[in-house]
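Chemist: Pasting the sequence and the predicted coordinates here, then a few questions.
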Amino acid sequence: MTTIYRSTRSNHINMTASQAILQGLSPDGGLFVLRNFPDHHINVADIVNLNYQEMAQTIFRLFLTDFSHDAIKECVQLAYEDKFTTKDITPLKQVGDDFVLELFHGPTNAFKDVALSILPHFMDHSLSIQNEAKKILILTATSGDTGKAALEGFKDNKAIDIMVFFPNEGVSSIQKLQMQTQVGNNLRVCGIDGNFDDAQTQIKQLFNNSEIIAEFDQVNIQLSSANSVNIGRLIPQIVYYFYAYSQLVNNQEIQVDESVDFIVPTGNFGNILAGFYAKKLGLPIRHLVCASNENKVLHDFLQTGIYDARRDFLMTTSPSMDILISSNLERLLFEVSGQDSDLINQWMDKLATHGYFSVDSDTLKEIQQTFRSGYATDEEVKQTIQSVYKEHDYLLDPHTAVAYKVMKEQEEFGYKQIVLATASPYKFTESVLDALNLSEDNATDDLFSRMSLLERETGVPVPDNLAELLELPILFNDCISTEEMSHYVLTHGKGD
């Protein structure tokens, strides 16, 4: 059975997996989704004893049916054999009576590594399957973690160039340094005087600009994306939900088929959507809890059915979640609306033109059967980091602290709670030090002195690849307005 992907906004745009991965975003502005999802199912009992790589191969075969089994195996081996600091890839840790799924043991210390370590290999094989001679230019907006993970994943790829845009004042010092020091002969990094939503909107407009597409076509270049709008970025994230569940089963914390809750710090909705797909495949998930920071547009939507981005954009201590336009929500709406493209177009058009939309009560009720939500202020994040470290000797980054705080509000007796930990605390050293009340007495402007202080005070070692940033030169220091992004892409993307 061939897996076919269609656009959320049209029933007439159909592609195989390799075509959808190379395309990234649908030509009509929609996102690619699995047409025949109800035909796909996984018997959890059959896979709970598999290791991470074996589990990944089993799941990928459902989604990548124009890839050979050998090609999938090769992609998995290249992505996960040597790049992660733990053989479990995404280990599950017990913290008190609850569990934290650590997704930050990859090469850039963020959860994006899980998908962006394998997406380049998916793309390479997709080019081969399609016998595509065009060069791929990946355009990516990042709120912090995607940028470095994508740069690391695609560096020195001969068939694929990559260009990353990030909010110049909207990422942590470490996140910015990680991107600005990235080596590779096929990449470019640029800050913008704006926020993540500004960058993401501009890139989506580039994908839908026929004149720009034609200009790149003349020089044999195809635009694509490494953001989670690309279905090839989203599919790998399904795996760690199953793997977390298998670890609970194998540690005799639950029985097979016992339901659990996942609490997910959420900005662009991709991470939690992967959990929704895992549930559709048969993973016994009771609730997916969407944890927002003070940019709580998703929390408000899940409570009321009204998605309203007409609000102040707040810069918080969890910057990777500072997002008001959550792209992957469109995929969820597509599924819960009965795959109604007319409704999706109506809602997305209203969001684009008026800054808000609302869903009907039946759609909201369908969403609320699976999704719960909550949010945390910066002060609550600070208190959570402090209390979890004091009570459990476990160090949270601010994004994971958002989810942990929301979990404690949602907790119900009898169900295992799993928080998705999205980044190393050292990617947000300043905020973590402040939460532990270590910043004022040990004031220093030197980032690496602060990292050393945090290591000394907590005993949690600084990841090697973050410590090594001290020795690396700044290679990219561009900063432009969002209005200049099209010109920047045309100028540097074609090699002019």
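Modeler: Arrived safely.

Chemist: for the stretch 101-250 of the chain, what spans make up the strands?
Modeler: For the stretch 101-250 of the chain, strands defined by DSSP state E, counting those that start in this stretch occupy the ranges 135-141, 160-167, 187-192, 221-224.

Chemist: which helices and strands sit right next to the first one?
Modeler: With contacts defined as 3 or more Cβ pairs under 8 Å, 6 or more residues apart in numbering; DSSP states H and E, the packing partners of strand 135-141 are helix 145-154, strand 160-167, helix 196-207, strand 221-224, helix 485-493. (Each C-beta comes from the backbone N, C-alpha and C, glycine too.)

Chemist: Tell me which residues are up against stretch 324-343.
Modeler: With contacts defined as Cβ atoms under 8 Å, 6 or more residues apart in numbering, stretch 324-343 is touched by 7-11, 30-31, 33, 37, 197, 200-201, 227-229, 234, 266-270, 273, 276, 280, 295, 297-298, 301, 307, 309, 311, 313, 344, 347-348, 351, 359, 363, 366-367.

Chemist: Please, a ChimeraX command that selects the buried ones among the residues you listed?
Modeler: Buried residues within the contacts of stretch 324-343, by 16 or more other Cβ atoms under 10 Å, are selected in ChimeraX with:
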select :7,8,9,10,30,31,33,37,197,200,201,227,228,229,234,266,267,268,269,270,273,276,280,295,297,298,301,307,309,313,344,347,348,351,359,363,366,367
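
Chemist: Out of the contacts of stretch 324-343, which sit inside helices?
Modeler: Residues of these located in helices (DSSP state H): 197, 200-201, 234, 270, 273, 276, 280, 297-298, 301, 344, 347-348, 351, 363, 366-367.

Chemist: rewinding a little: to Ala79, which of the strands of the stretch 101-250 of the chain lies closest?
Modeler: Closest to Ala79 of those is strand 160-167 (Cβ to Cβ; 15.2 Å).

Chemist: Just the CA atoms of the closest one, as CSV, please.
Modeler: Output of strand 160-167 as CSV, limited to C-alpha atoms (Å, rounded to 0.1, in the frame of the first residue of the first chain):
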residue,chain,number,x,y,z
ILE,A,160,21.2,20.8,0.0
ASP,A,161,21.9,24.3,1.2
ILE,A,162,20.3,25.8,4.3
MET,A,163,19.5,29.3,5.4
VAL,A,164,18.3,30.0,9.0
PHE,A,165,16.6,33.2,10.3
PHE,A,166,16.2,33.9,14.0
PRO,A,167,14.9,36.8,16.1
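
Chemist: which other helices and strands contact it?
Modeler: Under the contact criterion of 3+ Cβ pairs under 8 Å, 6+ apart, strand 160-167 touches helix 119-129, strand 135-141, helix 145-154, helix 173-180, strand 187-192, helix 196-207, helix 485-493.

Chemist: any chance of the ones you listed in CSV, plus distance to Glu74?
Modeler: Output for the helices and strands packed on strand 160-167, formatted as CSV (distance: least, Cβ to Cβ, whole Å):
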stretch, distance to Glu74
helix 119-129, 7
strand 135-141, 19
helix 145-154, 16
helix 173-180, 28
strand 187-192, 24
helix 196-207, 29
helix 485-493, 29
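
Chemist: Of those, which is nearest Asp434?
Modeler: Asp434 sits nearest to helix 173-180 of all these, at 13.2 Å, using Cβ to Cβ.

Chemist: Could you check the angle that closest one makes with helix 145-154?
Modeler: 30 degrees (axes from the mean of the first three to the mean of the last three Cα atoms, to 10 degrees).

Chemist: Residues touching helix 173-180, excluding its own?
Modeler: Defining contact as Cβ under 8 Å, 6+ apart, one finds that helix 173-180 is touched by 108, 142, 144-145, 147-148, 151, 164, 166, 168, 171, 189, 191, 319-320, 426-430, 447, 466, 469, 472, 474-477.

Chemist: hmm, try it at 6 Å
Modeler: For helix 173-180, the surrounding residues in contact (Cβ atoms under 6 Å, 6 or more residues apart in numbering) are Gly144, Gly147, Lys148, Val189, Lys427, Leu447, Leu469, Ile474, Phe476.

Chemist: how close does the fourth one sit to Thr181?
Modeler: What that stands for is Val189. To Thr181, Val189 is 9 Å away according to Cβ to Cβ, to the nearest Å.

Chemist: Among these two, which residue is more densely surrounded?
Modeler: Taking other Cβ atoms under 10 Å, Val189 and Thr181 do not tie; Val189 has more neighbours (25 against 19).

Chemist: any idea which element the spatially closest residue to the more buried one that is not a sequence neighbour lies in?
Modeler: Among residues not flanking Val189 along the chain, Phe476 sits closest, at 3.9 Å (Cβ to Cβ, 6 or more residues apart in numbering). In this assignment (DSSP states H and E), Phe476 forms part of neither any helix nor any strand.

Chemist: what's Phe476 sitting at in phi/psi?
Modeler: Note on Phe476: backbone dihedrals following degrees, to the nearest 10 are phi -130, psi 130.

Chemist: Would you confirm that it contacts Leu187?
Modeler: No. At 8.7 Å, Phe476 does not count as touching Leu187 under the criterion of Cβ atoms under 6 Å.

Chemist: on that earlier part again, just put the strands of the stretch 101-250 of the chain in JSON lines and tack on mean pLDDT and distance to Ala115.
Modeler: Formatted as JSON lines, the strands of the stretch 101-250 of the chain follow (pLDDT from 0 to 100; distance: least, Cβ to Cβ, whole Å):
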{"stretch": "strand 135-141", "mean pLDDT": "95", "distance to Ala115": "12"}
{"stretch": "strand 160-167", "mean pLDDT": "96", "distance to Ala115": "15"}
{"stretch": "strand 187-192", "mean pLDDT": "97", "distance to Ala115": "18"}
{"stretch": "strand 221-224", "mean pLDDT": "95", "distance to Ala115": "15"}
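
Chemist: Same list (the ones you listed) but as CSV, adding distance to His492.
Modeler: Shown next, in CSV, are the strands of the stretch 101-250 of the chain (distance: least, Cβ to Cβ, whole Å):
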stretch, distance to His492
strand 135-141, 10
strand 160-167, 7
strand 187-192, 6
strand 221-224, 12
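
Chemist: Which one of the helices and strands packed on strand 135-141 lies nearest to Arg286?
Modeler: helix 145-154 (27.8 Å).

Chemist: which strands and helices sit next to the closest one?
Modeler: Applying 3 or more Cβ pairs under 6 Å, 6 or more residues apart in numbering; DSSP states H and E, we find helix 145-154 packed against helix 112-116, strand 160-167, helix 173-180.
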